[in-house]
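Structure for this input, please:
(2 chains)
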Amino acid sequence: MKPNAIEKEFIKTYDQFADAIFRHCVFRVSDREKAKDITQGTFVRLWDYMSQGKEIDNMRAFLYRIANNLVIDEYRRKKDDSLDRMRDEEGFDIGFESMKDIETKDEYARAQALLKCLPDKYREALVMRHIDGLSVKDIAHLTHESENVVSVRIHRAIEKLKMLSQKNETHN
Amino acid sequence: MKHIIKQIKKGAKYTRLSVVEKAAIKSQLLHYAKTHPARAEANYLPAVPSHFELNNFRNKKSISILIIGGLLTFGSVSLAAENTVPGDALYAVKIHINEQVRAAVAVTPKAKAEWDVRKAERRLEEVEKLALTPNVSSEIKIVAEENFNASANKVEERIANFEKEDDSEEAIGTAEKLAEMLRKHEGVFDKKSFGKDVTVSDSSFASASTTGAEKSASPDLEVKRTSIDNVRENIRGARGKAEEKRKELKNKYRKEPERKDGSLEADIPNLSTENPVIKETSSRDEISGKNYNKSFDKRNRKRKEEIRTTPREDGSSVDAPKPNEND
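Coordinates of the predicted model:
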């Protein structure tokens, strides 16, 4: 592949997958700026790979794998935060500008807060399945886990969300 | 519960980069691409590592498993080939692989000579096995016998080489080993063991009547007996030849015979005044002072002539005993 062709391919890939990768990162780290940084880092690594002349069979899976690894690196740097601190102090800056309905925004913010309370592995599986729309098989391949483990994590994530939601309603 | 997931999914639709943000990231990436340009002549490298790529850990593991599996398979084939005879499928493995490897291990001339004797023994074992196996074609038996003869000739060549190099010890040692080996195998076909084989052959016809069994057994048994007799004769001949050579070498290098079992001929005849006792190697009959084997008479006379003319160490004359008149 010629250098020009590689650059064209890269730009085309960015236009196609930037939003999806950003969305994935937002729901994983719950911070817009960090999600943007991770998205940019994902495509930098993609360029490093493509510029060596290597071809990629499944671009989508490749990008999600890079993004997942960068998110895991971010988790390791991050400190544990409680749900209240997230809501009261830092807020959620994950792009509500396009949401017109205030009620929707509030419900969404609540759902996001609950999502953040999940353990990393559960959140990873849930986001990949219900937000990114990946199949259990794809998730298993990306995370190097068995399909059974992925299914169990998704199920437990949903159960945990349910439990947190009930607690939250009782608290309110 | 579905409500929460729905809320998340609904919110996810609106979660994206703004146009400004997207453009900003894009320009940064293009700047990065220009500072880190793609290689001009980048060779095609597949994203999915080749199955034969050694740097791939999975391939290293699978390759090592393959190697171990291959070695085990080869080892078991090699082991199975050890018991084969001419005509078997794995006989070529025995000759061209197993024996070649063992020959390569023998580095010194002595080790090579020992291996040659061992190889001759292996060929002989094949001949014996074929003689005892029913329904074997005569061509295969001939091939086996020729193989044995060739290996025995190889040992003789080795002895001749030692003689050329004046290595008396190795020459005599090799000749002794060959004779020892042949003597051991001659005992395989003695009457006692042959009697047992007859019993085994008869039992294989147990379902038939007594007379019927005898009748049906006899042709196969006859063939077996003939085959065994031939092999025994061959071994006997080879043993005689080997022992002749051994004696010749000992006489040449003038070494004292050291026999513990006393099963071989004495090189120096009995010098007592009594009638000389001569042991016959090819016959197991005991020879008394009176009974001589006529075939050894000539040799005996020659020896007596030599004794008569050979002076003693103390310088006195030799009083040779008079030959016995019972010829």
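
Pretty sure B:Met181 sits against B:Ala120.
Yes. The pair B:Met181 / B:Ala120 is scored as a contact, 7.0 Å apart, by CB atoms under 8 Å. C-beta coordinates here come from the backbone N, C-alpha and C atoms, glycine included.

quick one, which of those two is more surrounded?
B:Ala120 (27 against 21; other CB atoms under 10 Å in any protein chain shown).

From B:Ile159, how far out is the closest residue to that one other than its chain neighbours?
Leaving aside its sequence neighbours, B:Ala120 sits nearest to B:Ser151 (CB to CB, 6 or more residues apart in numbering or on different chains; 4.0 Å). In this view, B:Ser151 and B:Ile159 are 13 Å apart by CB to CB, to the nearest Å.

repeat for B:Ile95
Taking CB to CB, one finds B:Ile95 at 23 Å from B:Ile159.

of the two, who's got more company?
B:Ile159 (24 against 17).

so for the helix or strand containing the more buried one, what's the average pLDDT?
Using DSSP states H and E, B:Ile159 sits in helix B:138-164. Helix B:138-164 shows a mean pLDDT of 89.

And stretch B:23-30, by the same measure?
If you average the pLDDT over stretch B:23-30, you get 94.

okay, that stretch in CSV with CA atoms only?
C-alpha atoms of stretch B:23-30 as CSV (Å, rounded to 0.1, in the frame of the first residue of the first chain):
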residue,chain,number,x,y,z
ALA,B,23,-12.4,18.4,13.3
ALA,B,24,-10.0,19.3,16.1
ILE,B,25,-9.0,15.7,16.7
LYS,B,26,-8.7,15.1,13.0
SER,B,27,-6.3,17.9,12.4
GLN,B,28,-4.2,16.7,15.3
LEU,B,29,-4.1,13.3,13.9
LEU,B,30,-3.1,14.5,10.4
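
continuing past the helix holding B:Ile159, what's the next helix or strand?
Counting by DSSP H and E, what follows helix B:138-164 is helix B:168-186.

which stretches of the chain form strands?
Because you didn't say which chain, this covers chain A. Using DSSP state E, the strands of chain A run over A:54-55.

was after chain B, sorry
Under DSSP E, chain B gives strands at B:45-46.

Can you pull out the low-pLDDT segments for it?
Along chain B, the model assigns pLDDT under 70 to residues B:1-2, B:40-59, B:189-224, B:255-300, B:302-327.

wait, what's in contact with the residue nearest to the spatial centre of chain A?
In chain A, the residue lying closest to the centroid (CA atoms, centre = their mean) is A:His24, at 2.6 Å. The contact partners of A:His24, taken as CB atoms under 8 Å, 6 or more residues apart in numbering or on different chains, are A:64, A:67, A:127-128, A:131-132.

Of those - the most surrounded one?
Neighbour-wise, the contacts of A:His24 (other CB under 10 Å) top out at A:Ala67, 27 neighbours.

who's in contact with that one?
A:21, A:24-25, A:38-39, A:42.
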